[in-house]
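>>> I need the structure of the sequence given here:
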Amino acid sequence: MPYEPNDRLLQHFEENGADLTQQVEAQLQLIAPNSPNIPLYRDMILTVLRMAQDDRNRWNAKITLQAIRELDNAFRVLEQFKGRRKVTVFGSARTPVESPLYALAREVGALLAQSDLMVITGGGGGIMAAAHEGAGLEHSLGFNITLPFEQHANPTIDGTDNLLSFHFFFTRKLFFVKEADALVLCPGGFGTLDEALEVLTLIQTGKSPLVPVVLLDAPGGGFWQGALDFIRSQLEANRYILPTDLKLVRLVHSAEEAVDEINRFYANFHSTRWLKREFVVRMHHPLSDGALAHLQSEFASLRLSGEFQQLAYTGEEHDEPRFSHLTRLVFNFNGRDQGRLRELVDYINLPENWAQAQGKAQHRVAPEPA
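Here you go, the predicted model:
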């Protein structure tokens, strides 16, 4: 989504006779000359200046400061892992080492690492320790939380640069989701259930990009099956959610199934973005003519108007040249039915729906309109 400056910030200072905007921009040009982000930095600073001018509550100022510091530190640390696919694994910190779930989480971590996927956890014990134990330090990231009682990071990441500590749950949750290309949820307590429902809410409402959400339980376990039964009998039956919303999750009972589910999701699908009013699905392989025709009829409910178009990159997305090799599936998405969108992703991931012949693909994929 393009950034739109908040003119109210500028007006606020003009009314008070404080010509700070030019001073702020001048300082920013010295610090980050020619940066495209200067309008963003300017409005951040003006927001803080407006808070200082109001000077209402010390607690509010402390919250703002702590949040900014946590965000800045996390951005700096995670920059070194930019470009690597990551999977967030949630689960109980109280799962004992002898539990079958511990062994299952350790196996998931190992298989994710074998697929060159980094494993993000809360950095604690139980399921988190098991997943990192399986993945090893090179493929592990821990987002720990400061609690009123003493607790330590697990041995795999403790004392390393792969560990981040947060004071606020909300900043920690932001990075659990922001950095994740997939999520695996093992049985756990209030925290795990909170994370599961928040992730589903963010994806269901389109506030977070579509990624695979895998519910993992031991063979014969009923933790997630019981949760799904409740959701179907109470939420779906009472129309609190759409029937297709449950397409956003997959229940599996082995580490292999969990990792296969994630790898299948990215077989052809790469990522999505909004470009003006159009929704763009980036793909590794163009679709065949037959598959594209199938989308027009079978997934018409996802479109507000027009048709699905398969387009090649021609430079309109000048801010993302690193994706220039990818084919685009472009349409006027209603932005609402994310479960049905997941079904579309499953369809384009099937190899039989790809245009196999290179010559045919080049002929059929039209350039994007100017």
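>>> From here on, just use CA atoms for contacts and neighbour counts.
Fine.
>>> what residue ranges in the stretch 51-200 of the chain score low on pLDDT?
Applying pLDDT under 70 to the stretch 51-200 of the chain flags residues 150.
>>> which residue ranges form the strands in it?
Applying DSSP state E, counting those that start in this stretch to the stretch 51-200 of the chain gives strands spanning 86-90, 118-121, 140-145, 163-166, 182-185.
>>> by how many degrees do the first one and strand 140-145 diverge?
It refers to strand 86-90. Going by axes from the mean of the first three to the mean of the last three Cα atoms, to 10 degrees, strand 86-90 is angled at 50 degrees with respect to strand 140-145.
>>> Let's see strand 86-90 as CSV, backbone CA atoms only.
In CSV, the C-alpha atoms belonging to strand 86-90 read as follows (Å, rounded to 0.1, in the frame of the first residue of the first chain):
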residue,chain,number,x,y,z
LYS,A,86,11.2,-18.8,7.9
VAL,A,87,8.6,-20.9,9.8
THR,A,88,7.2,-19.9,13.1
VAL,A,89,6.6,-22.8,15.5
PHE,A,90,4.2,-22.3,18.4
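>>> ok, the closest residue to Tyr41 other than its chain neighbours to Pro39 distance?
Once flanking residues are discounted, Tyr41 sits nearest to Leu28: 7.7 Å by Cα to Cα, 6 or more residues apart in numbering. Noted for Leu28: a distance of 9 Å to Pro39, by Cα to Cα, to the nearest Å.
>>> quick one, which of these two is more surrounded?
The neighbour count for Leu28 versus Pro39, taken as other Cα atoms under 10 Å, is higher for Leu28 (18 against 15).
>>> three-state assignment of that one?
Classification of Leu28 using DSSP: H, G, I helix; E, B strand; the rest coil returns helix.
>>> do Leu329 as well
strand.
>>> all helices for the stretch 151-300 of the chain, in order.
Ranges of helices within the stretch 151-300 of the chain are 169-178, 190-204, 223-230, 255-265, 289-298, based on DSSP state H, counting those that start in this stretch.
>>> okay, those helices, which one's buried deepest?
Mean neighbour count (mean count of other Cα atoms under 10 Å) peaks for helix 255-265 among the helices of the stretch 151-300 of the chain, with a mean of 19.
>>> List the contacts of that helix.
Helix 255-265 has contacts (Cα atoms under 8 Å, 6 or more residues apart in numbering) with 104-105, 107-108, 111-112, 182, 184, 212, 214, 216, 252, 345-346, 349.
>>> got it, and stretch 168-184?
By Cα under 8 Å, 6+ apart, stretch 168-184 touches 67, 70-71, 85-90, 120-121, 143-146, 166, 195, 199, 208, 211-216, 258, 262.
>>> if we go to 7 Å?
67, 85-90, 143, 166, 211-216, 262 (Cα atoms under 7 Å, 6 or more residues apart in numbering).
>>> Many thanks, I have nothing further to ask.
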